[in-house]
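Engineer: I need the structure of the sequence given here:
(chains A, B, C and D)
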Number of protein chains: 2
Amino acid sequence: MYDTFQQYLDSKITLTSDEKELIRSVSILKKLRKKQYLLQEGDVWKYHAFITKGCMRTYAVDDKGIEHIIYFGVENWWIGDRESLLNQTPSRLNIDAIEDVEVVLFTAPNFDMLCAKIPDFRDMIQAIISKSFNVNQTRILASISKSAEEKYLDFIQKYADFAMRIPQAMIASYLGIKPETLSRIRNGIAKK
Amino acid sequence: MYDTFQQYLDSKITLTSDEKELIRSVSILKKLRKKQYLLQEGDVWKYHAFITKGCMRTYAVDDKGIEHIIYFGVENWWIGDRESLLNQTPSRLNIDAIEDVEVVLFTAPNFDMLCAKIPDFRDMIQAIISKSFNVNQTRILASISKSAEEKYLDFIQKYADFAMRIPQAMIASYLGIKPETLSRIRNGIAKK
DNA sequence: TTTTCCACTTGATGTAGATCAATTTATTTC
DNA sequence: GAAATAAATTGATCTACATCAAGTGGAAAA
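Structural biologist: Numbering: from 1, shown residues only, chains lettered A, B, ... in the order given. The predicted structure follows:
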């Protein structure tokens, strides 16, 4: 189960066996059943988390009780709430498992230690954050400039590898539309 | 004109006079008239930029020729295109001056040198990036969960210090709505 | 001053997507 | 494998926002 993470590391950076062992020694393995929470609103998030198996979602619940999905995450993705972690404030987000899930966790102090001791590790993380920043920016642009259908087509193209694993109601939530609307959009696309 | 940037630095971190001098020595001052570009689509962005005076916008132009404003920036804000800078690829964005503007520029190599030599400087930049990441995330959530009126009210509250300096048509673009709609929203709010 | 030009408003109408309600189709669960 | 539960579709109607078109007011230009 740690193996998936090790393979991920090997694909990104070259590490000595001491470094590998150091990383492994501070990792925490965790399994979650479908629908279980990794983070609940109000709790303070303490980790950096990497998904080795399964599919998760990060979402906020509004004052009407409606869930709004901000991110999905699958194998080889990092997830968490950077804001809560950084400021050590109660999170406004929930993270739970859409499928049975396995994750590798690192506490913030251990993670920072790894970044300090292994420059390549830090650079890898920096690169991921930068990329993630750009993805968010692109999504903001899409949100102010594209129709629901365009956003859906972008989504299934960009996330073709896991889009079919996600219930449509959740994709609709992520896109900011209603499940009925997504159903009609799909119907429209199919007829073309 | 550099003074505003120096005051900003002093408010954030403590530097030796050598460090201050080092930073100053690699800074580039630039003035722009209203409507002039700092970055044009297709060009590769080479700098880190800090606004010391005036107001700017970052926007993309879609295939119908419509401008979509992604960010505004005023005094004491950093601006640029991290994606283009990081990958050294042609930018998909434009940055221009909404008012006459003064900026402080740092080339990427010089900026990285400053980050390497002055850890506090690097930490300051990291903190800004983290904060900016969180702001983007909050904006994504708003885009999928809030009405146009709510987004407008959020905007004028969050950016109360400069919102009135920005033409309404540009605020509308930033919010992803039409100027006519924003006008009606404002009218509705005023009548309450 | 008068002309020109934007920024903004207002009205009439159109449309994408929401809402509500009823089925149908898949998945779980026992 | 039937019953129960959840996910997705479909139809009718409603609403927020867009579009198109005129008109107003205020600042810059001449």
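Engineer: residue in chain A nearest to DNA strand D?
Structural biologist: A:Ser183 (3.1 Å; Cβ to the nearest atom of the strand). C-betas here are computed from N, CA, C, even on glycine.
Engineer: Return the residues in contact with that residue.
Structural biologist: A:Ser183 makes contacts with A:Gln168, as judged by Cβ atoms under 8 Å, 6 or more residues apart in numbering or on different chains.
Engineer: All the strands of chain A, in order from the start?
Structural biologist: Secondary structure of chain A (DSSP state E): strands at A:28-32, A:37-39, A:47-53, A:56-61, A:67-73, A:78-79, A:94-97, A:101-107.
Engineer: Can I get these in CSV including mean pLDDT and distance to B:Ala116?
Structural biologist: As requested, the strands of chain A are exported to CSV (pLDDT from 0 to 100; distance: least, Cβ to Cβ, whole Å):
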stretch, mean pLDDT, distance to B:Ala116
strand A:28-32, 95, 32
strand A:37-39, 95, 34
strand A:47-53, 97, 24
strand A:56-61, 96, 33
strand A:67-73, 97, 32
strand A:78-79, 98, 25
strand A:94-97, 95, 35
strand A:101-107, 97, 25
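Engineer: Pipe those into JSON lines and attach mean neighbour count per row.
Structural biologist: JSON lines is the format used below for the strands of chain A (neighbours: other Cβ atoms under 10 Å in any protein chain shown):
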{"stretch": "strand A:28-32", "mean neighbour count": "15"}
{"stretch": "strand A:37-39", "mean neighbour count": "20"}
{"stretch": "strand A:47-53", "mean neighbour count": "21"}
{"stretch": "strand A:56-61", "mean neighbour count": "20"}
{"stretch": "strand A:67-73", "mean neighbour count": "20"}
{"stretch": "strand A:78-79", "mean neighbour count": "19"}
{"stretch": "strand A:94-97", "mean neighbour count": "21"}
{"stretch": "strand A:101-107", "mean neighbour count": "20"}
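Engineer: Make JSON lines from the ones you listed and add distance to B:Thr52 to it.
Structural biologist: Formatted as JSON lines, those follow (distance: least, Cβ to Cβ, whole Å):
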{"stretch": "strand A:28-32", "distance to B:Thr52": "46"}
{"stretch": "strand A:37-39", "distance to B:Thr52": "40"}
{"stretch": "strand A:47-53", "distance to B:Thr52": "36"}
{"stretch": "strand A:56-61", "distance to B:Thr52": "36"}
{"stretch": "strand A:67-73", "distance to B:Thr52": "34"}
{"stretch": "strand A:78-79", "distance to B:Thr52": "36"}
{"stretch": "strand A:94-97", "distance to B:Thr52": "40"}
{"stretch": "strand A:101-107", "distance to B:Thr52": "40"}
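Engineer: Which pLDDT value belongs to A:Ala190?
Structural biologist: What the model reports for A:Ala190 is a pLDDT of 84.
Engineer: tally of neighbours for the residue nearest to A:Ile156 when sequence neighbours are not counted?
Structural biologist: The shortest distance from A:Ile156 to any non-neighbouring residue, by Cβ to Cβ, 6 or more residues apart in numbering or on different chains, is to A:Ala163 (4.7 Å). Neighbouring residues of A:Ala163 were enumerated by other Cβ atoms under 10 Å in any protein chain shown; the total is 15.
Engineer: Check A:Ala163 and give its pLDDT.
Structural biologist: 96.
Engineer: Next one: it from A:Arg186, what distance?
Structural biologist: Distance, A:Ala163 to A:Arg186, using Cβ to Cβ, to the nearest Å: 12 Å.
Engineer: And for A:Leu22?
Structural biologist: 48 Å.
Engineer: How about the residues of chain A by chain B?
Structural biologist: Contacts of chain A with chain B, taken as Cβ under 8 Å from any Cβ of the partner chain, map to A:60, A:62, A:66, A:68-70, A:82-83, A:86, A:129-130, A:132-134, A:136-137, A:139-141, A:143-145, A:173-176.
Engineer: For PyMOL, what selects the buried ones among these?
Structural biologist: One line in PyMOL is enough to select the buried ones among the residues of chain A next to chain B; burial here means 16 or more other Cβ atoms under 10 Å in any protein chain shown:
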select buried, chain A and resi 60+68+69+70+82+83+86+129+130+132+133+134+136+137+139+140+141+143+144+145+173+174+175+176
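Engineer: So for A:Leu22 and A:Arg186, which sits in the more crowded spot?
Structural biologist: Set side by side, A:Leu22 and A:Arg186 show more neighbours around A:Leu22, with 18 against 15, by other Cβ under 10 Å.
Engineer: longest helix of chain A?
Structural biologist: helix A:119-145 (DSSP state H).
Engineer: What is that helix packed up against?
Structural biologist: helix A:108-117, helix A:148-158, strand B:67-73, helix B:82-87, helix B:119-145, helix B:168-175 (3 or more Cβ pairs under 8 Å, 6 or more residues apart in numbering or on different chains; DSSP states H and E).
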